[in-house]
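**Student:** Turn this into a structure:
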Amino acid sequence: MPKILFRAADGTDRMVEASVGLSVMEVAIASGIDEILGECGGNLTCATCHVYIEDRDRLGGLPPFSDDEDEMLEGVSCERRPSSRLSCQISITGESEGLIVLLPESQF
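**Tutor:** As a prediction, the model looks like this:
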């Protein structure tokens with residue numbers, strides 16, 4: 001299982017094991033990462049799973065976001081950055097090992 005790191009806005013790190021095939025949002029919720037709410041359950045109808053992907057090379061290796069994800073990212077509560085993604089739209093693969101996910105200060 002790949003290990004991914006969640007880094008809270010206060011700098012606290014939490015390394016978790018992630019099952020291939022799950023979304024980053026599902027891994028976060030299952031691991032008790034409270035900063036990821038995922039109110040819509042990954043149906044791309046809210047933006048409460050907004051994250052930043054730290055490594056620009058990793059960001060480029062992810063599938064591009066859809067028009068729907070792009071639209072949802074317009075409504076995030078914290079600053080939208082070039083590294084912004086919705087964690088429900090990022091699937092864990094074998095290449096996810098070492099992924100660093102930065103958590104925004106708030107989802108509301």
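**Student:** tell me, what residue is most central in the chain?
**Tutor:** residue 87 (3.0 Å; C-alpha atoms, centre = their mean).
**Student:** Quickly note the distance from residue 9 to residue 63.
**Tutor:** 26 Å (C-beta to C-beta, to the nearest Å). Where you see a C-beta, it was placed from the backbone N, CA and C, and this is true even at glycine.
**Student:** Over to residue 103?
**Tutor:** 21 Å.
**Student:** re the thing from before, higher neighbour count, residue 9 and residue 63?
**Tutor:** residue 9 (13 against 9; other C-beta atoms under 10 Å).
**Student:** Quick check on the more buried one: phi, psi?
**Tutor:** phi -60, psi -30 (degrees, to the nearest 10).
**Student:** What sits closest to it if chain neighbours are left out?
**Tutor:** Closest residue to residue 9 apart from its sequence neighbours, by C-beta to C-beta, 6 or more residues apart in numbering: residue 105 at 4.3 Å.
**Student:** Residue 26: neighbour count?
**Tutor:** For residue 26, using other C-beta under 10 Å, the count is 21.
**Student:** Which helix or which strand is home to residue 72?
**Tutor:** helix 67-73 (DSSP states H and E).
**Student:** Which strands and helices lie in contact with that helix?
**Tutor:** strand 84-86 (3 or more C-beta pairs under 8 Å, 6 or more residues apart in numbering; DSSP states H and E).
**Student:** What are the contacting residues of the strand it packs on?
**Tutor:** Around strand 84-86, the neighbours that count as contacts under C-beta atoms under 8 Å, 6 or more residues apart in numbering are 25, 44, 47, 49-53, 59, 62, 65, 69, 72-73, 76.
**Student:** if we go to 10 Å?
**Tutor:** 23-25, 38, 40, 42, 44, 46-53, 59, 62, 65-66, 68-70, 72-73, 76, 78, 101-102, 104 (C-beta atoms under 10 Å, 6 or more residues apart in numbering).
**Student:** How about stretch 33-41?
**Tutor:** Under C-beta under 10 Å, 6+ apart, the answer for stretch 33-41 is 6-9, 14, 16, 23-29, 45-51, 72, 86-88, 101-108.
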